[in-house]
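*Asks:* Quick one, structure for this:
(2 chains)
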Amino acid sequence: MRTSKILLAAGLATVSAVTLAACTGGSTPTPVNTDATVNLGLVLAPTDLDIRTTAGAALNQALLDNVYQGLVTLDDSGKIVRDIAKSYTISPDGLTYDFTLNSGVTFSDGHALTADDVVSSLQDATKNKTTYVDASGLADVASVTAPDVGTVEVKLDKPNIETLWALAGRAGIVLEKGATNDLKTTALGTGPYTVAGFQANTSLTLDRNDNYWGTKAQVKEIVFHYYADTATAANAALSGDLQALLPVDPTQKAKFAGAQNLAIVQGDSTDKWTLGFNNTDPTLSKKDVRTAIREAIDPKAIIAAVGGAGLPLGGPIPTGDPGYQDLTSVDAYNAADAKAKFAAAGVTRLTLTIPTPYGTTISDILTSELNAVGVKLTVKQVDFNTWLSQVFIAGNYQLSIVDHVESHDFGTLWTNPKYYFHYDNAQVQSRYHQALASTTEGDEAKYLSQAAAIVSNDAAAEWLYQGVVLNVVSTSLKGLPVNNTNNRLNLANISVLGGQ
Amino acid sequence: MTRFLATRALLLLVGLAVAAILIFFTLRVLPGDVALTIGGTQATPEQIAHIRRSLGLDQPVLVQFGDWVAGLLHGDLGQSLLTGVPVADDIGRALTVTLPLAGLSLVFGLAIGIPLGVVSAVRHRRFSGFAISAAAQAVAAIPIVFIGMLLAVGVGLYLRWLPVQGFPNAGWANPRRAFDSLILPALSIALVEGAVLLRFTRSAALEAMSQDFVRTAAAKGMTRTRALVTHGLPNVILSVVSVLGIQLAALLVGAVLVEVVFQLPGLGKALVDDVGNRDLVKVQGELLVITALILVVGFVVDVVHRLVDPRERQADGDLE
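*Replies:* Alright, predicted model coming up:
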């Protein structure tokens, strides 16, 4: 009896496989519409196009990989891969990087790229490392030279394993030597698209670069539409005005249940929703107080409140970045222990103030949870620029909520005592420098994870959660990246199914 | 009449000058600046200082004010601190959305407010008159944003009759889509503004109906409605014209909110974005243009009022 069942199952499986193979072999692939215009909805709008001096993920999303390219770039999993460089080698001492360039690379104006363009761009970034966005990643670059027309050599003063990662970002983009275009309103790169139109805060249009040196884009035009209002953005996607909304606000997610031809795609991000402590505030400089606040907060409740769009984090390094380790057990939620710690620290009737540029979802929970352990939280709603002025620059605050979206930002946030957390720990700074000086990824990760553990055990902040990316994508749009799309959006491989 | 026009024009210019001073110095009270917007959360103090220097924000406030005023006197509103694009160009582009939106809202508002106002006055002792009046009271109390969201979801998303948001990138080169994009936003403003106009029209019509000349016309055999329409309506229109001048300011405020909800790249949305980014040169230009629009409309209303109301001309001796 049992044998016959197995035979029957095997027979069915064979028939299914043959049928499937026949169907697959016989069907013709759905045609791609190479004349398509793709409308994308985004939340963060670029204020101008100056890739050198204007910060923000909005410019990364629009211009990196799509218009500007560098020697190397990042793939969808965050791994460094070749781009303009055909190959590269790093000397065993970590001091010399040799890049061999792809042949036939051209800028969108037809100018052929040479090693001179690369040298000029990297020298410019190195010279302006204190004023260009992310150029501080090239801090240890001593020289950039072109041994021949197809090769570039970057030499460092001392090993810095993050240099290659910096080259995969803004610091490494290659601009045309001698080009005089206005970077604030135009962009001239070697990427698969060119900027065709820009209305600040409203829209940005990219056209296919028909002179692209690599595989040409499969869509004719991409229009980025920027939405300040999440409900309007969701309505635009539901009405069919957009082929993708990146990301959809979790509170709007329910609207898409049952929506035809639209799917919600979840991806990873390096967003760190951080409850920052001013570590020099008289009350918050006490470790017991910081620890008690961490223990009073239940990250799971916050994640539930934001529609499940997050993962518990527990430390300063997110999954996907070197040095990540699970630190969620450090100062885990324990309201009773939090109360005891406040009492032991002699802190009673504590009142704390928190300015926040976000909605009330998270601050309401924080107010309620801190109230449960005897802390009164006063929430002050401010706009982002006010937050930058009062918290980020003046350091005039006690608690603060901000989503730190950048990847590989441990050094910026936790090793600089002047940064707005005012966290100063020599051990952490030392481990971080050891990580930078590493010549293997394993060593880098080891030192970073040690540094991260110290920061978390010091209760230097409370990491509320690591965000996940929730995108709404039309089923006819293919090739859209899945991960970290809130920070970078390589659209080189997107296509739209459907007739011409 | 010439003296009247000269006085009003002078008042308009003085109003604009005072507005320019208030706008410039009030905006300087805002915390933060555009350098922070450009630098973001990874910027070092050196980066922020460099950006401030490059934009001239390290200059004394009075020097910045002098530069701005000198530009204004030459008809130059300056350049955006973020994009470097002339502010006048950006405002001109935004007005191609905001002015048609305001115009359409006005047409819809008048089309709703005046006929229903007259009807509710004529039938003020009946249930229908009461119902119209009560509905107007209720609608006038609803925030424009809420009405906009209801219309977007109801008419745009479910019925799919009209776009729920956006304006074509090609602007009025795509006239059908551009016009369609403005209908729901204009209706959102018009419903609230129309309700306010309805109430003014109703009051004016009720007053007109109690005037001797209307009652005399009715006594001579006209119906009350016909007497009101034939003899009382010019007086009603006069009141509505006066109110319109004031309502235009409300209309522009409505446009600010509605442009954000419907994602229209008009002057209102630009103002909200630019305040957030602290692009103060643009904000100054935008506020000055909005102020000028309101003052000019007030001026026009005054002139029209004078032209259609013989009592005012007679009072100044213009009418022999």
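*Asks:* what about B:Val281, helix or strand, and which?
*Replies:* Counting by DSSP states H and E, the element that carries B:Val281 is helix B:280-308.
*Asks:* what about that helix, near chain A?
*Replies:* No: using Cβ under 8 Å from any Cβ of the partner chain, we find that helix B:280-308 stays clear of chain A, coming within 9.1 Å at best. Just so you know, the C-beta spots here come from the backbone N, C-alpha and C atoms, and that holds for glycine as well.
*Asks:* Check which helices and strands that helix is in contact with.
*Replies:* helix B:2-27, helix B:61-73, helix B:87-122, helix B:233-261, helix B:267-277, helix B:310-315 (3 or more Cβ pairs under 8 Å, 6 or more residues apart in numbering or on different chains; DSSP states H and E).
*Asks:* of those helices, which approaches chain A most closely?
*Replies:* For these, proximity to chain A was assessed by Cβ to the nearest Cβ; helix B:267-277 is nearest, at 4.0 Å.
*Asks:* contacting residues around that closest one?
*Replies:* Helix B:267-277 is contacted from outside by A:45, A:47, A:200-202, A:228, A:383-385, B:30, B:34, B:37, B:82, B:90-91, B:94-95, B:97-98, B:252, B:255-260, B:263, B:280, B:282-283, B:286-287, B:289-290, using Cβ atoms under 8 Å, 6 or more residues apart in numbering or on different chains.
*Asks:* Same check on stretch B:28-43?
*Replies:* With contacts defined as Cβ under 8 Å, 6+ apart, stretch B:28-43 is touched by A:47-48, A:50, A:53-56, A:133-134, A:385-386, A:388-390, A:392-393, A:402, A:404, A:406, A:409, A:412, B:47-48, B:51-52, B:55, B:57, B:61, B:81-82, B:275, B:277-280.
*Asks:* Now a PyMOL select for only the buried ones of those.
*Replies:* In PyMOL syntax, the buried subset of the contacts of stretch B:28-43 is picked out as below (16 or more other Cβ atoms under 10 Å in any protein chain shown):
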select buried, (chain A and resi 47+48+50+53+54+55+56+133+134+385+386+388+389+390+392+393+402+404+406+409+412) or (chain B and resi 47+48+51+52+55+57+81+82+275+277+278+279+280)
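*Asks:* Narrow the contacts of stretch B:28-43 to those in helices?
*Replies:* A:385-386, A:412, B:47-48, B:51-52, B:55, B:61, B:275, B:277, B:280 (DSSP state H).
*Asks:* Of these, which pair is most distant in space?
*Replies:* Using Cβ to Cβ, the ones in helices among the contacts of stretch B:28-43 span at most 32.3 Å, a distance reached by A:Thr412 and B:Val61.
*Asks:* what residues does the stretch 201-350 of chain A put near chain B?
*Replies:* A:201-203, A:205, A:223, A:225, A:227-229, A:231-232, A:235-236, A:238-239, A:241.
*Asks:* do that again at 6 Å, thanks
*Replies:* A:201-203, A:232, A:235-236, A:238-239 (Cβ under 6 Å from any Cβ of the partner chain).
*Asks:* List the ones among these that fall in strands.
*Replies:* Of these, the ones assigned to strands by DSSP state E are A:Ser203.
*Asks:* Test my guess that A:Ser203 contacts A:Tyr227.
*Replies:* No: assessed by Cβ atoms under 6 Å, A:Ser203 is found out of contact with A:Tyr227, at 10.5 Å.
*Asks:* List buried residues within the contacts of helix B:267-277.
*Replies:* A:45, A:47, A:200-202, A:228, A:383-385, B:34, B:37, B:82, B:90-91, B:94-95, B:97-98, B:252, B:255-260, B:263, B:280, B:282-283, B:286-287, B:289-290.
*Asks:* Identify the single longest strand in chain A, thanks.
*Replies:* Taking DSSP E as the criterion, chain A has its longest strand at strand A:262-277.
*Asks:* Count residues in the vicinity of the closest residue in space to A:Leu164 that isn't next to it in sequence, would you?
*Replies:* Leaving aside its chain neighbours, A:Leu164 sits nearest to A:Ile80 (5.7 Å; criterion: Cβ to Cβ, 6 or more residues apart in numbering or on different chains). Neighbours of A:Ile80 under the rule other Cβ atoms under 10 Å in any protein chain shown: 14.
*Asks:* which residues sit in contact with A:Ile80?
*Replies:* By Cβ atoms under 6 Å, 6 or more residues apart in numbering or on different chains, the contact list for A:Ile80 reads A:72, A:164, A:168.
*Asks:* and which of these is nearest to chain B?
*Replies:* A:Ala168 (16.1 Å).
*Asks:* neighbours of that closest one, just the number please.
*Replies:* Using other Cβ under 10 Å, A:Ala168 has 27 other residues around it.
*Asks:* Now A:Glu462. Its backbone dihedrals?
*Replies:* When read as degrees, to the nearest 10, the backbone of A:Glu462 gives phi -120, psi 120.
*Asks:* excluding its backbone neighbours, what's nearest it?
*Replies:* A:Leu275 is the one closest to A:Glu462 (Cβ to Cβ, 6+ apart), at 4.0 Å.
*Asks:* Just the pLDDT for that neighbour.
*Replies:* What the model reports as pLDDT for A:Leu275 is 97.
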